[in-house]
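Colleague: 3D model of this:
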Amino acid sequence: MVELGVADLAAYSAAALLLGFAGQRLAAVRANRGDLVQRYACGFAFCMGVALVTRAPGLVAATGPTGIASGLLLLVGDVMKIGAVSLLVLVALLLQARGSDPLVVRARLRRWSVPATVVPLCLVLLFCGAHATHQGGELMVRGDGRWFLVGYNLLFAGYSVSCLVVLVGVLTHQTRLAAGNLLRTGLRLMTLAALVGALWSAWALDDAVRLIAHSSQSDSEDTLSNILGALCTGLTVSGATATVWGGTRWGARITAPARWLRARRRYTALEPLWSALHSAVPGIALGEGAGAGRRPALRDAEFALYRRIIEIRDGQLALRPYVHAEVADWVTQAVGGPPCGARYGGPPHGALVEAATLAAALEAGRAGRRACDTTAAVACVTQPVPGPGTVDAEADWLIQVTEAFGGAAAVAEVRRRAVAELAGRD
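Modeller: Next up, the predicted model:
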């Protein structure tokens, strides 16, 4: 009884959360009827909420020890789950096709609607072909009927997991493109929800194994399945509403540890570039906690990252008189053409040129040789940060510069060429 109580609590709580979310999305759909993403999200929440209720052990037990009602609840619940994951794939396709030709988008949606329609019909046919009977909380099958029910479970698990894998791929790509921290947090939560959902769907294989061995399966979700469903629901709703609750005071407190960890990782990633600049210009260090190799306290990581960015920019300014005007041409020659695209590219040359500029300036600074005269120094400054001038944008850009500074062959070639030119002057 205790186990059933836990399962029921998980199922009904998750269902209530999903149905409430569906109501919220419905209001958004009414405000903008052309927003298909909101419409499909509303449909997903409603279908999954109904599925959780129909498979709850308490409701199934209330149908009585025998009869077709429990089998019908199982079928309705699974069909609603299939509908829910199909709608998630439609959401994924819409996110993936943003900016594409509307005709192409409609064609993709139509193509996906075929399996989304055929799979539920196949589930109904397989379930009816099994001729299952309900007895004491179990669905019993005889003879070859068990293979119909095994096929039912395999089709349900395979289709659900494949849909969620598609969703994970799209969400992972969208997370890389996301501009704001809250949006990235929401997408990561939804990616985690999809992974938990895949595990939840794959749990149906347990029923297939039991059918093969004993010709029976449970007529309701077990405790683990309902807990996975509740966890998936919580992550889904949290991810979908992250941009709303993340802006509140308690939301900021909840997300603070993740922000601190991200800031400290970025702080550490900038260490090689900062150390090189600090060795040339020790005066850039601000405060006692700015030594090389020191990691800031977690709560201080955001401020430490901000300070490190300022120190790197101060170092760049101090090296301006040593910036060589021909570095961009040297980089082009080193890579055999304009380094556009890829990780360090982009017009005109991106982080690769900035890293090479710093490498050449550091060599000139060590030799005490100005590569540009005072009047030309302003024209030789490094590339500006692309995008909005936020701490996150600065950090992401300087991390690319740091990686190029320490690992790009073109930067090593520019450094060698700068050293050779300085030696020639001597």
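Colleague: what's around L59, how many residues?
Modeller: 18 (other Cβ atoms under 10 Å). Heads up, the C-betas are built off the backbone N, CA and C, glycines and all.
Colleague: Next: S216.
Modeller: Other residues close to S216 by other Cβ under 10 Å number 20.
Colleague: quick one, phi/psi of it?
Modeller: Dihedral pair for S216: phi -150, psi 160, per degrees, to the nearest 10.
Colleague: My understanding was that it contacts A208; is that so?
Modeller: No: with contacts counted by Cβ atoms under 8 Å, S216 stays clear of A208, the gap being 11.9 Å.
Colleague: average pLDDT for the host helix or strand of L103?
Modeller: For L103, the enclosing helix or strand under DSSP states H and E is helix 102-130. In this model, helix 102-130 has a mean pLDDT of 85.
Colleague: So which other helices or strands are in contact with the helix or strand just after it?
Modeller: Later in the chain than helix 102-130, the nearest helix or strand by DSSP H and E is strand 133-135. Strand 133-135 is packed against helix 69-96, strand 138-140, with contacts defined by 3 or more Cβ pairs under 8 Å, 6 or more residues apart in numbering; DSSP states H and E.
Colleague: what's the most buried one of the ones you listed?
Modeller: Across the helices and strands packed on strand 133-135, averaging neighbours per residue (mean count of other Cβ atoms under 10 Å) puts helix 69-96 on top, at a mean of 21.
Colleague: Give me the angle between that one and helix 102-130.
Modeller: Orientation check (axes from the mean of the first three to the mean of the last three Cα atoms, to 10 degrees): helix 69-96 against helix 102-130 gives 160 degrees.
Colleague: Begin at 590, not 1, for the rest of this chat.
Modeller: With 590 as the first residue, the last one maps to helix 658-685.
Colleague: how far out from the middle of the chain is helix 658-685?
Modeller: Taking Cα atoms, centre = their mean, to the nearest Å, one finds the center of helix 658-685 at 22 Å from the center of the full chain.
Colleague: now stretch 816-823
Modeller: For stretch 816-823, the distance to the chain centre is 18 Å (Cα atoms, centre = their mean).
Colleague: So L728 versus I671, what's the distance?
Modeller: The spacing between L728 and I671, counted by Cβ to Cβ, to the nearest Å, is 18 Å.
Colleague: and what of L875?
Modeller: Counting by Cβ to Cβ, the separation of L875 from I671 is 58 Å.
Colleague: Repeat that for V618.
Modeller: Counting by Cβ to Cβ, the gap between V618 and I671 amounts to 22 Å.
Colleague: who touches Y601 in this structure?
Modeller: Y601 sits next to L641, V642, A645 when contact means Cβ atoms under 8 Å, 6 or more residues apart in numbering.
Colleague: and the least confident of these?
Modeller: Lowest-confidence member of the contacts of Y601: A645, scoring 76 (pLDDT).
Colleague: If we go by neighbour counts, what in the lengthiest helix in the chain is buried?
Modeller: The longest helix of the chain (DSSP state H) is helix 734-766. Neighbour-count burial for helix 734-766 flags 734-735, 737-742, 744-746, 748-750, 752-753, 755-757, 759-760, 763-764 (criterion: 16 or more other Cβ atoms under 10 Å).
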